[in-house]
Each structure stands twice: as structure tokens, then as C-alpha cells.
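In: sequence plus predicted model, see below.
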Amino acid sequence: MTPDQLSTAIVDALTGLVHDAAITLPDGVPASVTVERPRQKGHGDYATNVALQLAKKAGTNPREFAALMAARLEQTDGIASVEIAGPGFLNITVEAAAQGVVAAQIVAAGAAYGATDEFAGEKINLEFVSANPTGPLHIGGVRWAAVGDALGRIFTMAGAEVSREYYFNDHGAQIDRFSSSLLASVRGLPAPEDGYGGQYIHEIARSVVAKRPDVVDLPDEKAQEVLRFEGVEMMFAEIKQSLHDFGVDFDVYFHEDNLHTSGAVQRAIARLTELGNTYEADGALWLKTEQFGDDKDRVIVRSNGEPAYLSGDLAYYLDKRERGFDRCFIMLGADHHGYVGRMMAMCAAFGDQPHVNLEILIGQMVNLLANGEPLRMSKRAGTVITIDDLVEAIGVDAARYALARYSSDSTIDLDLELWSKQSSDNPVYYVQYAHARVASILRNGAELGIVVSTGSDVEVDDFDPSLLSHEKEGELLRSLAEFPRVVAAAAQLREPHRVARYLEDTAAAYHRFYDSCRVLPMGEEEAGDLHRARLMLVAATRTVLANGLALLGVSAPERM
């Protein structure tokens, strides 16, 4: 019996009490109730505060309401006992057989275990990283690569249709500074004062010259035009390759320049004007963002007739909505916090719902520590730590797990020594080792002739779930049963770190189980029903650990 199944049983009990006129609920029976795992041992397997929530509406006190619920629930198959605690909490103990059968259900579901319908039928546009193609991807962008890709996997597991999108900034002053820096390198001159430094500039410049030797003899204006086109292409190809090697690929690479050349900017402005949300003043065109919650109105067309920066955002958002996306997510660094108000006002100006049709997630900084001291710069990039620096130091799996393990709104200090360790101190190693240990036990079991069926071949009759009655078996089963709720919460709250922390707790529960419960027969001992039941539990653990690691884009090794 999973928490969701128990929630359904409680709702059924409420419905029965209403039907029998034992209680009256003017607002009707709730569709679901909260079921939690008690923090203290001896308080049952699960607890609910449903009596505290509904007693007043039913015109009775919580303990009397709880007594009616307890009597009804104890008649439910799979529930061993129900105790009333404190002012009216219900502490529920599940029968070992009802709890143990969850192991077979998990193994039967396989890679689909954990899937929910939280976002079923919704089309989600997930825009993340979107670093300017003016240098290697730095550590801040790498954080969004890990978190954004994990969030996309979680949304998919929660039933959504997800499109990962990279906004390719190939329009504006930063590209001019990039190309002028390349020109300076080609001419053997110092980088412009507002340009880009770092070894990578010289590498890109040499690559462009190798491809277009004529650029050396071209006038500066023509040479910079060539360097701009070829340099951006090369830099972006490098960024895409680095992301691919990091396990992150995008469905759409959207070019900012297209917004200005396709008429999309003009269409967006026209739409907002039709809605009555623009006005002219001081020779410029303004968007009425203040009336939608921004701190002031914003210029969208300057007095010289040139579109302001916000105009591109207007066009891009409208384009996403016209492509059929119900929800648009944009992931930005901490330095963009002031950007949120105007974007939400823009969303409302189009007639949409801020924080529903558009959500902006802000990520804080990442600091890398080596020998307890912060790393300040990359040899190649000159001023920042890059994705390649991080991967070289600790590997892809550790990097992805480490960056997704913490809430995005908190600053991370990543200790490179810790994350490169092959010990239980390293969280990703701890979880991966648990998976490898599980895989090893299943291989050893197969060699002894005890094979656990998988997928649609699994039958509850393959083992006796009532034998999984040990305290540590119950702890592990309850942890495994929580996985779908963890996935749902991670999707609802946009917090992939919940999956990582859950995996660590589950790995710990598995190690405690393994230390207390012998799984395989020893010596001349023949395999029995208890061995088969415990192997089913081990197989279920393998499924959950593998599925959770997959949501974070981290491998689940068979051997370590």
C-alpha cells in the first residue's frame, strides 16, 4: 500500500461515513487527503490530520471524528491498526503483506515508476542556459544546464510535453564587442577596453584565419564582419558540444536576430497596442507595465525609432505562446532579479496569467573550492571557471548531481576534493554505490538460480510479501513508496534537489536494510521464500535508484 493508495482508502472511509450518515460534510468529501510518514518510531507507518481538518465542518470534535475514522479504516484490507494520537491525529500501521506488495508493483512499473499526471496534457517551454556566444560556458550557466535539464526530465515524468529551448543571443552590442576582440587578436593588438580577454579569443581568431585566410588582408570593417559571423558560429558550436558532453541537448535553438528580421517585434508591439496597453510620450512608445505591477512603465520603441531591449522579450514571449506552449519557464542568474517584475507585467499586458503562463526561476552563484580556497579563474577563459574546467575536475556525473542537489535560490560552495572522492562522503558516489551494490546482489542471486522477474513478467504471486516484516524492510519499502510523491513535489515546486536528497535517504535506508537482513543464502543453505521476497525488495530498490538518478541525468552504474 503506497501513500497515494492509503489516501484513497481514507477518502473511501470518509465517503462511507457520509453515506451512512455517521458524519455530515457540507462541502463534500475531499478528493484527496494528506498522508505523511511519522517522524517518530512507534507512531505507525503513516499519519494523517484529516480529523483535525474536517471535524469542525462536521460539527464534532477532532477526537470523536478520529474515532469514527479509525473504526472504519480498521475494516480496510491492508490496514493492520489505527491509533488516535494527541488532539486527533490518526497513526496508521499497514499490514506487512500490503506494504510488501509495493516491491512487486515497483519492479513491474520499471522505468515508468514515479510517473504522475501532475502536468498531463500541458505543453511546457523550458528555456535555460542561453549564454551569449561570446565565450566558453561559465559555472553559472553550468548550474542551469544541470538544474534545467533535470527539471525538464521531472516535468516529463509528471506528464508534460516538454521542449528545451536555448535563446541564442546573436543580436546586440555584446556580439560587436566579441567581434572587435577577435579583430584585435588577428591584428596583434590588445583587446579593446570593453572587449573580451582570455586565451579562447586567440584560439577562435586563429581558427577563423585558418578557415578564411583572406580575412587578414580585408579592411577592418569587412574583416570584423567575417570574424563576427565565423567567430559566433565557432563559439556557439563549442558551447553546444560542451553541453552535449555534459548530457544536455536542446530541442530548439532560437536565434534572437530572427525576432528583428522576421517582423516578430513589430507584431508583438501591434498586439499590445490593439489591447490598449501602449502609449506615446517624449517621442517614444511606452508599455503600460506599471499598471500590471512593475515599478514603472517601460520604453519599447525609442525616440529614434529603434526597438528597445524589452521589445525583443515581447516578441519572444508572444512567439512561444503562438507555438502552443501553456507554460513558459525562463531560468536566469541572480543578476537578473530586477528583470522579473517587468516580465510579469509584460505577460499580464498580453492578457496572460503571470506565474502561470510565464514563470521566471532565479539561480544563485556557484563558488568552486580547491584545498579550501575559492578558484578565481580559468586558464583558458581568463576570468571565469568554465563547464570544461568543472568536468575535468570532478566528472560529468558528480558535476550534474552536485549542481542539482541544492535549492537554486541558494549559493553553492562546491568542494572539488569532496566531489571527486570515491567514498560515502561524496553524495553522488554514495547513491551510485548503493545502485551498484544492488545490481551485484541481483547478479549473485541469478547465479544461485534466484531470478527476479521484471516488467510485465512480474506477478505478485512470485513472492510472499508478508515475509517482508522486518523493521528495516518496512523502512525501505515506505521510502520506495514515496518516490512518486517526491517527483510530483519536485515538479510542483520546480525543485530537482528534492530528488537528490530523496535518493540519499533511500540509499541510507537500503544500507540499513542490507546490514540487518541477509538477502542471499549462505554456504549449503537452499534458497527459500524469504530470500525471494528480499530479492524482490532489492530489485525494487534498484528501479527507484536508477529512475531517480535518470531524472538528474546521472548514470546508474552496475559495477563500481
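Out: Arrived safely, thanks for sending.
In: contacts for the helix or strand bottoming out on mean pLDDT in the chain?
Out: Within the chain, confidence by mean pLDDT, DSSP states H and E is lowest for strand 373-374 among all helices and strands, at a mean of 83. For strand 373-374, contacts defined as C-beta atoms under 8 Å, 6 or more residues apart in numbering pick out 367-368. (Each C-beta comes from the backbone N, C-alpha and C, glycine too.)
In: partners of that strand, with directions?
Out: Strand pairing for strand 373-374, determined by DSSP bridges: strand 366-370 (antiparallel).
In: how far does the strand it pairs with sit from the chain's center?
Out: Its chain's C-alpha centre and that of strand 366-370 lie 22 Å apart, by C-alpha atoms, centre = their mean, to the nearest Å.
In: quick one: buried residues of it?
Out: 366, 368 (16 or more other C-beta atoms under 10 Å).
In: run through who's touching it.
Out: By C-beta under 8 Å, 6+ apart, the surrounding residues in contact with strand 366-370 are 139-140, 142-143, 374-375, 385, 390, 393, 403, 411-417.
In: got a ChimeraX select line for the buried ones in the residues you listed?
Out: Selection of buried members from these for ChimeraX, criterion 16+ other C-beta under 10 Å:
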select :139,140,142,143,375,385,390,393,403,412,414,415,416
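In: what's the nearest residue to Gly445 if we skip its chain neighbours?
Out: Distances taken as C-beta to C-beta, 6 or more residues apart in numbering place Leu535 nearest to Gly445, at 5.0 Å, with adjacent residues excluded.
In: kindly format the C-alpha coordinates of the helix or strand containing that neighbour as PDB.
Out: Assessed by DSSP states H and E, Leu535 sits inside helix 529-551. Only the C-alpha atoms of helix 529-551 are listed here, as PDB (Å, rounded to 0.1, in the frame of the first residue of the first chain):
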ATOM      1  CA  ASP A 529      10.700 -17.800   0.200                       C
ATOM      2  CA  LEU A 530      12.300 -15.100   2.400                       C
ATOM      3  CA  HIS A 531      15.300 -14.900   0.100                       C
ATOM      4  CA  ARG A 532      13.000 -14.400  -2.900                       C
ATOM      5  CA  ALA A 533      11.000 -11.800  -1.100                       C
ATOM      6  CA  ARG A 534      14.100  -9.900  -0.100                       C
ATOM      7  CA  LEU A 535      15.500 -10.100  -3.700                       C
ATOM      8  CA  MET A 536      12.200  -8.600  -4.900                       C
ATOM      9  CA  LEU A 537      12.800  -5.700  -2.500                       C
ATOM     10  CA  VAL A 538      16.300  -5.300  -3.700                       C
ATOM     11  CA  ALA A 539      15.100  -5.200  -7.300                       C
ATOM     12  CA  ALA A 540      12.600  -2.500  -6.400                       C
ATOM     13  CA  THR A 541      15.400  -0.500  -4.800                       C
ATOM     14  CA  ARG A 542      17.400  -0.800  -8.000                       C
ATOM     15  CA  THR A 543      14.400   0.500 -10.000                       C
ATOM     16  CA  VAL A 544      13.900   3.500  -7.800                       C
ATOM     17  CA  LEU A 545      17.600   4.500  -7.600                       C
ATOM     18  CA  ALA A 546      18.000   4.100 -11.300                       C
ATOM     19  CA  ASN A 547      14.900   6.200 -12.100                       C
ATOM     20  CA  GLY A 548      15.900   8.900  -9.600                       C
ATOM     21  CA  LEU A 549      19.400   9.200 -11.000                       C
ATOM     22  CA  ALA A 550      18.000   9.300 -14.500                       C
ATOM     23  CA  LEU A 551      15.800  12.300 -13.500                       C
END
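In: now do it: which elements does it pack against?
Out: Counting contacts by 3 or more C-beta pairs under 8 Å, 6 or more residues apart in numbering; DSSP states H and E, helix 529-551 packs against helix 96-109, helix 139-157, helix 427-447, helix 471-481, helix 483-493, helix 497-516.
In: right, and those - which one's nearest Ser81?
Out: helix 96-109 (12.3 Å; C-beta to C-beta).
In: what's the angle from the closest one to helix 471-481?
Out: In terms of direction (axes from the mean of the first three to the mean of the last three C-alpha atoms, to 10 degrees), helix 96-109 departs from helix 471-481 by 40 degrees.
In: then helix 96-109 to PDB, C-alphas only?
Out: The C-alpha coordinates for helix 96-109 follow below in PDB (Å, rounded to 0.1, in the frame of the first residue of the first chain):
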ATOM      1  CA  ALA A  96       3.300  -6.300   6.100                       C
ATOM      2  CA  ALA A  97       1.700  -8.000   3.000                       C
ATOM      3  CA  ALA A  98       0.000  -4.800   1.900                       C
ATOM      4  CA  GLN A  99       3.300  -3.000   2.300                       C
ATOM      5  CA  GLY A 100       5.500  -5.700   0.800                       C
ATOM      6  CA  VAL A 101       3.400  -5.900  -2.400                       C
ATOM      7  CA  VAL A 102       4.700  -2.400  -3.300                       C
ATOM      8  CA  ALA A 103       8.000  -4.000  -4.200                       C
ATOM      9  CA  ALA A 104       6.400  -6.100  -7.000                       C
ATOM     10  CA  GLN A 105       4.400  -3.000  -8.200                       C
ATOM     11  CA  ILE A 106       7.600  -1.000  -8.500                       C
ATOM     12  CA  VAL A 107       9.500  -3.700 -10.400                       C
ATOM     13  CA  ALA A 108       6.600  -4.200 -12.700                       C
ATOM     14  CA  ALA A 109       6.400  -0.500 -13.500                       C
END
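In: now it against helix 483-493, angle please.
Out: Going by the same axes, to 10 degrees, helix 96-109 is angled at 60 degrees with respect to helix 483-493.
In: which residues touch the helix or strand following helix 96-109?
Out: Per DSSP H and E, helix 96-109 leads on to strand 123-127 as the next helix or strand towards the C-terminus. Residues outside strand 123-127 that contact it (C-beta under 8 Å, 6+ apart): 148, 151-152, 155, 160-167, 320, 323-331.
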